[in-house]
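1. Sequence first, predicted model second:
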Amino acid sequence: MERWATRRIAVAALVGVVGCVAGLAWRQARLAGLDLLDSRGWYTPADAAALFDALDQIDPSGRVVYATTALTVDMVFPASYGLLFAVLLFRLFRGGPPLYLLPLAVAVADVLENVTIAALALTHADSPSQLAWMAAVFTLLKFVLLMATLAVTGVGGLRWLWRRTRPHADQGTAP
């Protein structure tokens, strides 16, 4: 991991994140600002079917746009943010437990979510699909792991800041 945890890799991952955020913002605007499945914490097959029905009413190609972006932009996004957080956690907790694996788990859950959502969007036939339960589990797992990643990153950042700002023992505290 040492060879991948460089500033250059972190900057490239950050550029990827920014580009994907722009692409996902375009998708959100293109799909009339609907509350898409991958931005919810949980949903049911009926919720997914209702979303796809709404997309069909707004734009006949709405489900295709959703599926296409889920398999393109929304596949690059987890790779980018997963790598960025992995580099940060590797640097923040060097020599400690392999916490850099946490954002990689988030990315895997996100990719599995994207694949199942794309399959749902492309096969929607006016009735709820049981595949939506699997997609919902991946979405929930993504959110739980993302919150854990953000918490661990925050703790690591505070630890780093604490070490950088406290007086060093060799400097003394006398005036």
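-> Received the coordinates, thanks. Numbers count the residues shown, from 1 in each chain.
2. Which strand or helix spans the most centrally placed residue in the chain?
-> Compute the mean C-alpha point of the chain, and by C-alpha atoms, centre = their mean the closest residue is P78, 5.0 Å away. In the assignment (DSSP states H and E), P78 maps to helix 73-92.
3. What's the mean pLDDT across that helix?
-> Over the span of helix 73-92, the pLDDT mean works out to 96.
4. Go through it and flag the buried ones.
-> Within helix 73-92, the residues scored as buried using 16 or more other C-beta atoms under 10 Å are 73-75, 77-90, 92. All C-beta spots, glycine's among them, are computed from the backbone N, C-alpha and C.
5. Spit out the contact partners of G23.
-> When contacts are counted by C-beta atoms under 8 Å, 6 or more residues apart in numbering, G23 touches T69, V73.
6. quick one: the helix or strand hosting it to helix 73-92, angle?
-> Per DSSP H and E: G23 is located in helix 7-30. Here the directions of helix 7-30 and helix 73-92 differ by 150 degrees (axes from the mean of the first three to the mean of the last three C-alpha atoms, to 10 degrees).
7. Show the subsequent helix or strand relative to helix 7-30.
-> For helix 7-30, the following helix or strand on the C-terminal side (DSSP H and E) is helix 45-58.
8. Let me know the angle separating the following helix or strand past that next one from helix 7-30.
-> Scanning forward in sequence from helix 45-58 by DSSP H and E, the next helix or strand is helix 62-70. In terms of direction (the same axes, to 10 degrees), helix 62-70 departs from helix 7-30 by 180 degrees.
9. I'd like the numbering to begin with 17 instead of 1 from here.
-> Will do, 17 is the new start, and the previous item becomes helix 78-86.
10. Can you mark which positions in the longest helix along the chain are buried?
-> The longest helix of the chain (DSSP state H) is helix 147-181. Neighbour counts using 16+ other C-beta under 10 Å place 148, 150-152, 154-159, 161-162, 165, 168-169, 172 of helix 147-181 among the buried residues.
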